[in-house]
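Engineer: I'll drop the sequence and a predicted model, then ask my questions.
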Amino acid sequence: MDNLNNTQYFTVQKEQPMPVGDVLRIVFQALSEKGYNPVNQIVGYIMSGVPTYITSHKNARSLIMKVERDELVEEVLRAYIRNHSWE
């Protein structure tokens, strides 16, 4: 048995955040697989903050809730600008 007079150390590794684009891709795929219109559902979530717009399939709801909604909007806007060669 270890000496109970010594302090034991316990460290927890911080989870590396997933890139916002990856979160959106996974959520989009999960919503599509469940038969939802992913654009409508994601917009509903961004506008209202109500997580039930996102399915729990493939852990999509938990993933999207780890990202701030303004970060989701920024990622979508960046992709739109990139795809339309505004930069």
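Structural biologist: All right, it came through fine.

Engineer: run a quick neighbour tally on the residue lying closest to residue 44 once chain neighbours are set aside.
Structural biologist: The shortest distance from residue 44 to any non-neighbouring residue, by CB to CB, 6 or more residues apart in numbering, is to residue 53 (4.1 Å). For glycine as for every other residue, the C-beta is placed from the backbone atoms N, C-alpha and C. By other CB atoms under 10 Å, the residues close to residue 53 number 19.

Engineer: where does residue 53 land on pLDDT?
Structural biologist: With respect to pLDDT, residue 53 scores 98.

Engineer: now residue 11
Structural biologist: Confidence score, pLDDT, at residue 11: 84.

Engineer: tell me the SS of it?
Structural biologist: Look at residue 11: counting by DSSP: H, G, I helix; E, B strand; the rest coil, its state is coil.

Engineer: where's the residue nearest to residue 44 relative to residue 64, distance?
Structural biologist: 9 Å (CB to CB, to the nearest Å).

Engineer: residue 13 now?
Structural biologist: 23 Å.

Engineer: kindly report the same for residue 58.
Structural biologist: Note on residue 58: its distance to residue 64, by CB to CB, is 11 Å.

Engineer: more neighbours: which of the two?
Structural biologist: Of the pair residue 58 and residue 64, residue 64 is the one with more neighbours under other CB under 10 Å, namely 23 against 15.

Engineer: if we can go back for a sec, please enumerate the shared neighbours of residue 53 and residue 64.
Structural biologist: Common contact partners of residue 53 and residue 64 (CB atoms under 8 Å, 6 or more residues apart in numbering): residue 45.
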